[in-house]
Each structure stands twice: as C-alpha cells, then as structure tokens.
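> Next one to model:
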Amino acid sequence: QVQLEESGGGLVQAGGSLRLSCAASGRTFSDYTMGWFRQAPGKEREFVAAINWRGSMIYYTDSVKGRFTISRDNAKNMAYLQMNMLKPEDTAAYYCAARGGDYSPRPELYRYWGQGTQVTVSS
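Numbering: from 1, shown residues only. Here you go, the predicted model:
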C-alpha cells in the first residue's frame, strides 16, 4: 500500500509558475513509477508526465514539453512537477499516481492515487 498526498496547487496568472509536490508513504517509494495526471471539469483524466523509479526515464505529454519538469527524490519519498509558462488551458485538478511497473500514459494502470490539488491559471 502506498499513500500519496499532493500539495502546491493554487491560483496563478498566465506565464507564471507553480511547483507541485507529491509526498509518498507506505511501501518502498523507489519501487514505483510515478506519474502526474490532470483532470479539468467535464473532461477525462489525462496524462501529464511520468518518471521511472530511478529517474532515468522521463515522459511528457506534448502540450507540456518544454514547460513542465517532473522529478523525484527517493531519499525523501517525494515527487515533483515544476510547471513554468503556465497557460489557462493548464487549469485542472492535478493528481500524482504510482504504479509498480514501467511507464504508461494510461491512468487505469496506476494503482495508487493522491486526492489531487487544484491549479487555476488566469488569463
């Protein structure tokens, strides 16, 4: 069992930055691929970024490449999503998730989820 808790969301103007954090507890954090997903009202949950257990493989959805950076610190049981040059279309609830396998953009393949943190980008 892994418990995840996101923090760092908020209201920011377009062009601004936020850093989301995901604190993990429970089983060995370094066993898991970590992913960030987001869900806007009325839309399906979508993949944002993922990082493998040792940080050597990183994936982004095209819309955030060059603006967002995913990272992790296994010693602290933390994952992060640095979001720069934010746009109004980035507005969503952001979730971190963990899976005990390789990278996947499919949310249904992630077993553990946080409760989400809201990011709102004003124009």
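
> State the pLDDT value of the most centrally placed residue in the chain.
Compute the mean C-alpha point of the chain, and by CA atoms, centre = their mean the closest residue is residue 36, 2.3 Å away. Residue 36 carries a pLDDT value of 98.

> Beta-bridge partners for it, please?
Under DSSP bridges, the beta-bridge partners of residue 36 are residue 49, residue 96.

> That one contacts residue 58, doesn't it?
No. Between residue 36 and residue 58 there is no contact under CB atoms under 8 Å: 11.1 Å. From N, CA and C alone the C-beta is placed, and that goes for glycine too.

> Any chance you could list residues touching both of the two?
Common contacts of residue 36 and residue 58 (CB atoms under 8 Å, 6 or more residues apart in numbering): 49-50, 70.

> Let's see if you can find the most crowded of the residues you listed.
residue 49 (26 neighbours; other CB atoms under 10 Å).

> ranges for the strands of this structure?
With strands called from DSSP state E, the chain shows them at 2-7, 10-13, 18-26, 33-39, 46-51, 58-60, 68-73, 78-83, 92-99, 112-113, 117-122.

> quick one: which of the ones you listed is nearest residue 106?
strand 46-51 (7.5 Å; CB to CB).

> Against which helices or strands is the closest one packed?
Contact here means 3 or more CB pairs under 8 Å, 6 or more residues apart in numbering; DSSP states H and E; on that basis strand 46-51 packs against strand 33-39, strand 58-60, strand 68-73, strand 78-83.

> redo that, cut-off 6 Å
If contacts are counted by 3 or more CB pairs under 6 Å, 6 or more residues apart in numbering; DSSP states H and E, strand 46-51 sits against strand 33-39, strand 58-60, strand 68-73.

> Buried deepest among those strands, which one?
Highest mean neighbour count among the helices and strands packed on strand 46-51 (mean count of other CB atoms under 10 Å): strand 33-39, with a mean of 24.
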